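A.B. asks: Give me the fold of what follows.
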Amino acid sequence: MDLLHVLPYFDTRPFTHLLPSLDKALITVNDLLTLEAADVGKRATLPVGDLRKLVDAVALGLHRDLGFGGEETHSTGFLSALGNARAPDVGGGRISTLDEKLDQALGGGVPPGYLVEVTGESGGGKTQLLLTLLLASQLPPPHGVSKSAVYISTEAALATNRLAQLVSTHPILAELAPNEKPSLSRILSIQTLDLESQEHIIRYQLPVAIKKHNVGLVVLDSVAANYRAEFEKTGPRDGAASMAKRGAQLVHLGALLRDLARTEGIAIVVANQVADRFTRLPSSNAISRTTSANSQNSDPHGTPHAAVTSQPQQLPSQPDGLVISPDPLALDHQQRWFTGWGDNKSDSEQSLKTPSLGLVWTNQLACRIALIKQPVYAKRPSVVTVAGENEWNDQETHISRWQRWFKVVFASWTAPSEGKGVEFEVLKTGIRHVHKDI
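C.D. replies: Numbers count the residues shown, from 1 in each chain. This next block holds a predicted model:
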């Protein structure tokens with residue numbers, strides 16, 4: 001039975017006499033919730049009364065996992081048992097980015113009780129933001145929660161040299177007294193290089209470490225690395241089965257992390273990688289529909305009216321003379337609102353990105369922060385011609401610098417960022433927003 005995959009922390013002790021029979025009869029959680037208890041009991045040869053108690057307990061567990069259904073389990077907010085929305089504790093209960101504009105975009109910082117993702121391409125500033133959060137969590141309110149942090153790495157080891165540099169150079173941290181500054185000894189670091197060890201660490205070791213060391217923040221960097229290593233090595237014949245298995249494991253991981261964040265009252269921040277997004281060519285059905293629509297504007301002899309003969313603006317991937325409207329139900333059209341790329345008209349198709357692990361993983365998150373990086377081009381220096389005159393080489397440009405934006409794509413406690421978000425830069429002293437001259 002998939003009960004512990006759907007609800008990893010479900011208390012099975014009152015129902016141990018039911019689970020073996022349910023497992024033998026191939027009863028899933030979906031069957032428990034959708035089928036009549038009498039039908040399930042007949043199929044698994046179990047008493048209906050006990051099955052109804054199990055169904056009620058599973059439904060309550062799912063409600064709590066979604067953030068409602070029990071006032072006593074939600075000290076950090078979400079929804080009360082009566083269904084009234086309650087905001088997370090704002091007074092001193094958030095982990096700051098140590099920059100006022102970035103905090104403002106994030107609604108005051110990262111609150112406990114939520115699963116938050118930071119995504120972006122290499123060099124976008126993900127590591128710098130995560131290191132700042134590791135230090136800020138140790139600070140007292142309003143910048144932190146006065147608790148230690150855990151750093152779980154699936155790739156490179158913790159950058160201790162950079163952490164020490166931030167402690168000594170960041171404008172906020174450098175001004176603190178020596179006994180008030182964050183300490184590297186209060187950051188617990190562990191590396192996990194495969195999915196099996198990652199599962200063991202999150203399920204068994206992490207809850208113990210949180211209680212023992214008074215942890216307020218857990219960082220997983222990055223969430224996609226082990227899944228890519230594990231599932232991309234399979235052959236093309238196993239593609240569908242591999243994707244289904246990966247989707248089930250992502251749901252399981254999301255349930256583990258969300259439940260841990262809520263029950264322990266901590267913030268969990270994961271880093272995620274991105275991949276290039278490519279627009280699909282229009283399908284033959286879409287082309288036929290467009291051709292049919294255009295034919296309705298023609299006269300009986302097949303000659304289009306003047307309004308139809310005007311040439312519309314062509315998209316690069318469209319056949320000549322056709323304008324294909326996007327399917328509002330297609331993932332390619334909808335993902336602009338939850339990936340962080342493509343919701344601005346100024347975004348070019350060549351620069352679109354998609355966070356790794358897809359829509360299944362996106363549904364596990366309470367917040368997604370996209371760190372967007374775009375190049376700024378400049379012309380190369382002028383060249384001297386034979387006649388001795390300076391001329392600009394308009395054909396050749398080079399990248400003079402990079403622009404970065406901090407963008408809240410969606411969040412449970414604050415509104416998404418407008419436009420590209422807040423422009424920021426990465427300096428020796430840490431990350432800070434770019435001051436705009438008025």
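A.B. asks: residues touching V55, list them.
C.D. replies: 32-33, 37 (C-beta atoms under 8 Å, 6 or more residues apart in numbering). Any C-beta I mention is one placed from the backbone N, CA and C, and that applies to glycine too.
A.B. asks: Low-confidence ranges, the stretch 201-350 of the chain, go.
C.D. replies: The model of the stretch 201-350 of the chain has pLDDT under 70 over residues 231-239, 279-326, 346-350.
A.B. asks: Are any of the contacts of V55 buried, and if so which?
C.D. replies: 32, 37 (16 or more other C-beta atoms under 10 Å).
A.B. asks: got JSON lines for the contacts of V55, with pLDDT, secondary structure and distance to A136 too?
C.D. replies: Compiled in JSON lines, the contacts of V55 are given as follows (pLDDT from 0 to 100; DSSP: H, G, I helix; E, B strand; the rest coil; distance: C-beta to C-beta, whole Å):
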{"residue": "L32", "pLDDT": "90", "secondary structure": "helix", "distance to A136": "43"}
{"residue": "L33", "pLDDT": "91", "secondary structure": "helix", "distance to A136": "41"}
{"residue": "A37", "pLDDT": "90", "secondary structure": "helix", "distance to A136": "50"}
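A.B. asks: so the closest residue to Q138 other than its chain neighbours, which of the three states?
C.D. replies: Nearest residue to Q138, sequence neighbours excluded (C-beta to C-beta, 6 or more residues apart in numbering): P182, at 4.1 Å. Under DSSP: H, G, I helix; E, B strand; the rest coil, P182 falls in the coil class.
A.B. asks: Check I399 too.
C.D. replies: Classification of I399 using three-state DSSP returns strand.
A.B. asks: wait, what's in contact with the residue lying closest to it once chain neighbours are set aside?
C.D. replies: Excluding the flanking residues, the one nearest I399 by C-beta to C-beta, 6+ apart is P375, at 4.4 Å. Residues in contact with P375, defined by C-beta under 8 Å, 6+ apart, are 399, 401-403.
A.B. asks: before we move on, which element is P375 in?
C.D. replies: Using DSSP states H and E, P375 sits in strand 367-379.
A.B. asks: tell me the helices in the stretch 101-250 of the chain, going along the chain?
C.D. replies: 126-136, 160-169, 171-174, 195-200, 206-213, 225-231, 239-264 (DSSP state H, counting those that start in this stretch).
A.B. asks: Buried ones in the second one, by neighbour count?
C.D. replies: When neighbours are counted by 16+ other C-beta under 10 Å, the buried residues of helix 160-169 are found to be 163, 166-167.
A.B. asks: Repeat that for the last one.
C.D. replies: For helix 239-264, the buried set under the neighbour-count rule, 16+ other C-beta under 10 Å, comprises 242, 246, 249-264.
A.B. asks: Likewise for the third one?
C.D. replies: Of the residues in helix 171-174, those with enough neighbours to count as buried (16+ other C-beta under 10 Å) are 172-173.
A.B. asks: Can I get that helix in PDB, CA atoms only?
C.D. replies: Below are the C-alpha coordinates for helix 171-174, written out as PDB (Å, rounded to 0.1, in the frame of the first residue of the first chain):
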ATOM      1  CA  PRO A 171      27.500  45.700   6.200                       C
ATOM      2  CA  ILE A 172      25.000  44.200   8.700                       C
ATOM      3  CA  LEU A 173      27.200  41.300   9.900                       C
ATOM      4  CA  ALA A 174      30.400  43.300  10.200                       C
END
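A.B. asks: Contacts for that helix, please.
C.D. replies: When contacts are defined by C-beta under 8 Å, 6+ apart, helix 171-174 is touched by residues 98, 135, 143, 166-168, 181-182, 429.
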